[in-house]
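Predicted model, plus sequence, below.
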Amino acid sequence: RAVLLDGRAVAATLREETAAAVAALRARGREAPALATILVGEDPASHVYVAAKHRACEAVGIRSLDHRLPGDVEGERLAELIGSLNADDAVSGILLQLPLPSQLEASEFIDLIDVGKDVDGLTTANAGQLWRQRDGLRPCTPAGIIELLDRCGVPIAGRHAVVVGRSDLVGRPLAGLLLRRDATVTICHRHTADLPAVCRGADILVAACGIPRLIGVEHVRPGAVVVDVGITRTDDGLVGDVDFDAVATVAAAITPVPGGVGPMTIALLLANTVAALPSTTDKDR
Ligand code: NAD
């Protein structure tokens, strides 16, 4: 039976490291980093996510600044808020909680965020840095998956990684990160012909399509490492994109849902917020 890739435990270690980094900054007389979140409208799930992010920040000593706008807000007002947070030296990271209400085009507003404060790594500029092999802030979920694989001792270089899903949030940037780590990468999506056959070629199979239990034993080569990004709320609770019970009998290792990729995503948001700080040397110069 597959070994469990315990995202909850690995994320806890990473959060401790971030807390230590924040404490070290404070000990050198620097201000604590601050994450500004922007929540537009009343989407209940978004409220839950933002509250969880604030709690996670506080637990590691990152200050959180809570900005809320009504669901019928004009784009201009949102743009002004982002501009003022970009200009505020006390703000190290800016997170625009998605989805936005339908009258607002998310990518337009994401791209207003200063690249250096883009702790979600979703601006076009940061996405470009990834594909041009330059340093930059990386999207939290894909970066969290790489961190989880690394810390669980799963080798990436030279392995065949198959990513199911090509969103700007998960699939695409994850493919870019895996490629930078010298994996051979295949990206699948809703038009992929014979998904099971393509997936069976994977040493590392990542499911990020948002379709509950789409990935079954017929998609998994015995001995593969399986990462389940999917989260769908159902009457039975949170369900992943992988049929966990079946796949766990053939995979070498697998992430649970919940307790796999989810906690890593939040841990990387905290790490990115600290990484977004101008370096001490810059500040001290
Ligand atoms: P999305 O809807 O933007 O993208 C889904 C992708 O899956 C698309 O590229 C689509 O082409 C592909 N797809 C759809 N049906 C398919 C099929 N039958 N076969 C192959 N590919 C198919 O979703 P997203 O934002 O990338 O999120 C994916 C899932 O991951 C969702 O369940 C989401 O809730 C979850 N998620 C989890 C975390 C986390 O922290 N654990 C973070 C982000 C997203």
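Perfect, thanks for sending it. Numbers count the residues shown, from 1 in each chain.

The closest residue in space to E108 that isn't next to it in sequence: neighbour count?
Spatial nearest neighbour of E108, excluding adjacent residues (C-beta to C-beta, 6 or more residues apart in numbering): G75 at 7.6 Å. To be clear about C-beta, it is placed using only N, CA and C from the backbone, and glycine gets the same treatment. Per other C-beta atoms under 10 Å, the neighbour tally for G75 reads 14.

mind checking the backbone torsions on G75?
Backbone torsions for G75, taken as degrees, to the nearest 10, come to phi -50, psi -40.

residues in contact with it?
Q103, L104, E108, F109 (C-beta atoms under 8 Å, 6 or more residues apart in numbering).

pLDDT at it, what is it?
As predicted, G75 sits at a pLDDT of 98.

before we move on, what about D236?
So D236 comes in at 86 (pLDDT).

do you know how far it is from the ligand?
15 Å (C-beta to the nearest ligand atom, to the nearest Å).

Number the chain from 22, please
With 22 as the first residue, the last one maps to D257.

and that residue, what does it touch?
D257 makes no contacts at all, as judged by C-beta under 8 Å, 6+ apart.

V219 looks like it's in a helix, true?
Yes - counting by DSSP: H, G, I helix; E, B strand; the rest coil, V219 falls inside a helix.

With G261 as the reference, measure out to it.
19 Å (C-beta to C-beta, to the nearest Å).

So between those two, which is more surrounded?
Legend: neighbour count by other C-beta under 10 Å for V219 and G261, higher for G261 (29 against 17).

The ligand contacts on the chain?
162, 185-188, 190-192, 209-211, 213, 216, 229-232, 235, 250-253, 282-283, 286 (C-beta under 6 Å from any ligand atom).

Any of these buried? List them.
Those of the residues of the chain next to the ligand that meet the buried threshold are 162, 185-188, 190-192, 209, 216, 229-230, 235, 250-252, 282-283, 286, by 16 or more other C-beta atoms under 10 Å.

before we move on, the earlier item: which among the contacts of G96 gets closest to L56?
Of all the contacts of G96, L56 sits closest to F130, with 17.2 Å by C-beta to C-beta.
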